[in-house]
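[1] sequence unknown, structure follows:
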């Protein structure tokens, strides 16, 4: 009888631990050129910390403001807990400007800011710029449970056609 009671208690505890979904929005940049790109981010001062920037509004730490982006790869620039923002609005809130430098010396450095773009045909800060949208579902695992995440990913593509 005691074993049955213990089993019932354990089952009720396990069934009461529901997986709560986390919702997030990601801003990513993708390299579809034939050259490695150096990305230089200029975050607003609220996001800076000793040469690093806070890349997530929902926790996660800090990253370098300059990095290389390999061919056919992408990287998240920022993660937000607010899934209702437009990608260009979020970029404008977090960054003053973004510079992209191709390793190919024949290509021009690209500079993106809220009011201008140099060296590229589209500006990721503008409302009319097309972003690729993907809904991604995955689990963040911890020692005791899985944490489901629904991520609304917006991808800005740097391509050869955009030069």
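    Ah, there it is. Because the structure is predicted, anything quoted here is derived from the model rather than measured.

[2] what's around residue 74, how many residues?
    Residue 74 sits with 19 neighbouring residues when counted by other C-beta atoms under 10 Å. Backbone N, C-alpha and C define where each C-beta goes, glycine included.

[3] Which pLDDT value goes with the closest residue to residue 115 other than its chain neighbours?
    With sequence-adjacent residues excluded and distances taken as C-beta to C-beta, 6 or more residues apart in numbering, residue 115 is closest to residue 125, at 7.9 Å. What the model reports as pLDDT for residue 125 is 97.

[4] before we move on, what about residue 2?
    For residue 2, pLDDT reads 56.

[5] on that earlier part again, correct me if wrong, but the residue nearest to residue 115 is in a strand.
    No. Residue 125: not assigned to a strand; according to DSSP: H, G, I helix; E, B strand; the rest coil it is coil.

[6] mind listing what it touches?
    Applying C-beta atoms under 8 Å, 6 or more residues apart in numbering, we find residue 125 in contact with 88, 91-92, 112-115, 117.

[7] Of those, which is the nearest to residue 100?
    residue 112 (7.5 Å; C-beta to C-beta).

[8] doesn't residue 129 make contact with the closest one?
    No. Contact criterion C-beta atoms under 8 Å: residue 112 and residue 129 do not qualify, at 9.7 Å.

[9] In terms of secondary structure, what does whichever strand or helix holds residue 135 contact?
    Following DSSP states H and E, the helix or strand that holds residue 135 is strand 132-141. Under the contact criterion of 3 or more C-beta pairs under 8 Å, 6 or more residues apart in numbering; DSSP states H and E, strand 132-141 touches strand 22-32, strand 146-159.

[10] TSV for the contacts of residue 125, including pLDDT and neighbour count?
    Compiled in TSV, the contacts of residue 125 are given as follows (pLDDT from 0 to 100; neighbours: other C-beta atoms under 10 Å):
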residue	pLDDT	neighbour count
88	96	20
91	97	25
92	97	18
112	98	25
113	97	17
114	96	15
115	94	8
117	96	20
